[in-house]
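Novice: Compute the structure for the input listed below.
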Amino acid sequence: MKRIISLIISLFILVAIAVATTISEARRPPDWQPELERYLISQTTPSSGVLRLQSAVRASRPWQFSQDMIGRKTPNTGKYLPFPPAEVWCILLEQDRSLTGDATELGAYTVVFAARHETVHFTYWMIYEGASVPSTPAFQESLSRLGCELKLGPSKLSEFMGLEKIKFTGTL
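Specialist: Modelled structure (predicted):
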């Protein structure tokens, strides 16, 4: 009887540890978040407004990530980064210019990519800006090929940075 009770108590403790670990991992921010925060801080100026995260989707086919999908990378290091990355996240950002007093400029969107590069000696997260004209059919095809379903409807496509700005009226 003592063995059964000690076995039950041991199993209960193991299950409790597993549940606690699962809960703490679920609350942990993504590994790419510090790099994205540095990128957002570097891109925020009084005239440009604040960039805010709208949605982030993990790419189901990161091996499809290619150099033609990206613009500038942040941080710009001299390290060799193997392509394609091991993991890619597609991140939709909204530019909020309400703090600049320009209410007509609300709702501009852009896409950046958080990519995890792995070598034998290190793992490195990099933020890549998307193509300069992200609403083009070619860029949409690239997102689809990558497996990033950001749910960019017609209103979102016209609100990308660099194109005509229209107030955002839909939902993500």
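
Novice: Name the SS class of E35, please.
Specialist: Under the three-state scheme (DSSP: H, G, I helix; E, B strand; the rest coil), E35 adopts helix.

Novice: Could you do S144 as well?
Specialist: Note that with three-state DSSP, the state of S144 is helix.

Novice: can you offset everything so residue one is 46?
Specialist: Done: numbering now begins at 46, and the last item shifts to S189.

Novice: residues near the nearest residue to S105 once chain neighbours are set aside, how many?
Specialist: For S105, ignoring the flanking residues on the chain, the nearest one in space by Cβ to Cβ, 6 or more residues apart in numbering is G192 at 3.2 Å. Yep, even glycine has a C-beta here, placed from its N, CA and C like the rest. Residues lying near G192 (other Cβ atoms under 10 Å) number 17.

Novice: how far away is G192 from R117?
Specialist: Remark: distance between G192 and R117 (Cβ to Cβ, to the nearest Å) = 23 Å.

Novice: Please read off the pLDDT at the residue nearest to S105 from the model.
Specialist: According to the per-residue confidence, G192 scores 88 in pLDDT.

Novice: just E132 next, same as before
Specialist: Looking at E132, its pLDDT reads 91.

Novice: Going by the annotation, which residue ranges form each domain of this structure?
Specialist: Under the assignment named as automatic domain parsing, the residue ranges that make up the domains of the chain are 46-74, 76-202.

Novice: Tell me where this protein is predicted with low confidence.
Specialist: Scanning the chain with the threshold set as pLDDT under 70 gives 69-74, 90-94, 118-123, 142-152, 176-180, 196-217.
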